[in-house]
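Undergrad: what follows is a predicted structure for the sequence shown.
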Amino acid sequence: MQKRLFNLAIVRGYLEPGQNQCLTLTRIKVARQRPAYCGPEQFAAILRQAPDTLWRAFLAVVYTTGLRLRETLNLTWGDIDFQNSHVDVGRKEGNGAIQPWQPKDHERRTIPLPDEAVALLTKWQAEAPEGCPYVFIEGPRWEFYRQRLSGKAWRTGQDLVNNQLRRFKTLCRQAGVGPYTIHDLRRSCITNWAQRLPIHVVQQLAGHSDIKTTETYYLSVQPEDLAKARRVQSELVGVILANSGTDPLLTHLSQKRLKKGIQRCFPQPKKKDGNL
């Protein structure tokens, strides 16, 4: 940051070229924190605090599809394939009440939906505001959006739904878990996938253009993984030791202890003076 400020000062004429005092400084490396992981038990506790069908469906979709928050809020009913149980994420050109939008990776992808999430979406669809193309907009917000849209007062890029994170944190407090963010649900979903799916499949489902992003920021090592690694180590070490043929009595330390023990049990007679 300091280097950039000095360079900007040089570009604008406040400093002469070569006066950047930060060029020789190196950035201090800070250890990356372990990503927060919301396990199935913690997620179940949060889900029990959901106030209505909308929130239960919203939480189920984020946790089981790994969608980003904006991807979730920009879902339309046309993106949900109820018959084949999957959701499509892709750019929207903008038409009528649907705003122009494109996902972060700029590519279309299809993500499977579990039956339980499909059931919640089906229930919410029956309760959703009539005429609203978006999946996760409740009645009052839909009316506000529709009025602003008809009055040409809606700004392109404005959030379709607000206060989602604040309301989610309230659910976490009520459930006694966390603290988590909505993005932590996405990370947790990707971690769950990684425990059972090849990494390149996880990358595609997560919508990462670079597989290093998946490996670095979204895969959280869990206690179960550590226990599994410990079992693998034990099995390998056990095989090695069993086939090594090493007798503990033949080690250097054991030989010294054995010699001392023999000397204590069978002391050698002291030599007498040679003068007779």
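TA: Thanks, I have the structure now.
Undergrad: in stretch 146-161, what's buried?
TA: Across stretch 146-161, burial judged by 16 or more other CB atoms under 10 Å covers 146, 154, 160-161. For every residue, glycine as well, the C-beta is placed using N, CA and C.
Undergrad: list of residues touching it?
TA: 73-74, 97, 99-100, 134, 136-137, 141, 145 (CB atoms under 8 Å, 6 or more residues apart in numbering).
Undergrad: try it again with 7 Å
TA: Residues outside stretch 146-161 that contact it (CB atoms under 7 Å, 6 or more residues apart in numbering) are 73-74, 97, 99, 134, 136-137, 141, 145.
Undergrad: on that earlier part again, and which of the buried residues of stretch 146-161 is nearest to residue 43?
TA: Residue 43 lies nearest to residue 161 out of the buried residues of stretch 146-161, by CB to CB, at 20.7 Å.
Undergrad: the closest one: helix or strand, and which one exactly?
TA: Under the criterion DSSP states H and E, no helix or strand holds residue 161.
Undergrad: with the one 5 residues further on instead?
TA: In this assignment (DSSP H and E), residue 166 forms part of helix 164-175.
Undergrad: which residue ranges of the stretch 151-276 of the chain form helices?
TA: 164-175, 182-194, 199-206, 211-213, 223-244, 252-265 (DSSP state H, counting those that start in this stretch).
Undergrad: buried set for the third one?
TA: Within helix 199-206, the residues scored as buried using 16+ other CB under 10 Å are 202-206.
Undergrad: closest one to residue 212 out of these, please.
TA: residue 203 (9.4 Å).
Undergrad: what pLDDT is listed against the closest one?
TA: pLDDT recorded at residue 203 is 86.
Undergrad: just list the residues touching it, thanks.
TA: Applying CB under 7 Å, 6+ apart, the residues contacting residue 203 are 211, 214.
Undergrad: how close does it sit to residue 153?
TA: 40 Å (CB to CB, to the nearest Å).
Undergrad: same deal with residue 121?
TA: Plainly put, residue 121 is 31 Å away from residue 153 if you go by CB to CB.
Undergrad: then residue 85?
TA: Counting by CB to CB - residue 85 and residue 153 are separated by 38 Å.
Undergrad: got it, and residue 109?
TA: Going from residue 109 to residue 153 by CB to CB gives 33 Å.
Undergrad: now swap in residue 47 and tell me
TA: Residue 47 sits 36 Å away from residue 153, going by CB to CB.
Undergrad: which non-adjacent residue is nearest residue 215?
TA: Nearest residue to residue 215, sequence neighbours excluded (CB to CB, 6 or more residues apart in numbering): residue 199, at 7.0 Å.
Undergrad: for the residue nearest to residue 75 when sequence neighbours are not counted, give me its contacts.
TA: Leaving aside its sequence neighbours, residue 75 sits nearest to residue 135 (CB to CB, 6+ apart; 4.5 Å). The neighbours of residue 135, taking CB under 7 Å, 6+ apart as the test, are 75-77, 80.
Undergrad: list only buried entries from those.
TA: The neighbour-count test (16+ other CB under 10 Å) applied to the contacts of residue 135 identifies 75, 80 as buried.
Undergrad: for residue 190, state which of the contacts of residue 135 is nearest.
TA: residue 75 (18.4 Å).
Undergrad: got the contact list for the closest one?
TA: Contact analysis of residue 75 by CB under 7 Å, 6+ apart lists 87, 134-136.
Undergrad: spatially, which two of these are the most separated?
TA: Going by CB to CB, the pair spanning the contacts of residue 75 furthest: 87 and 134, at 13.4 Å.
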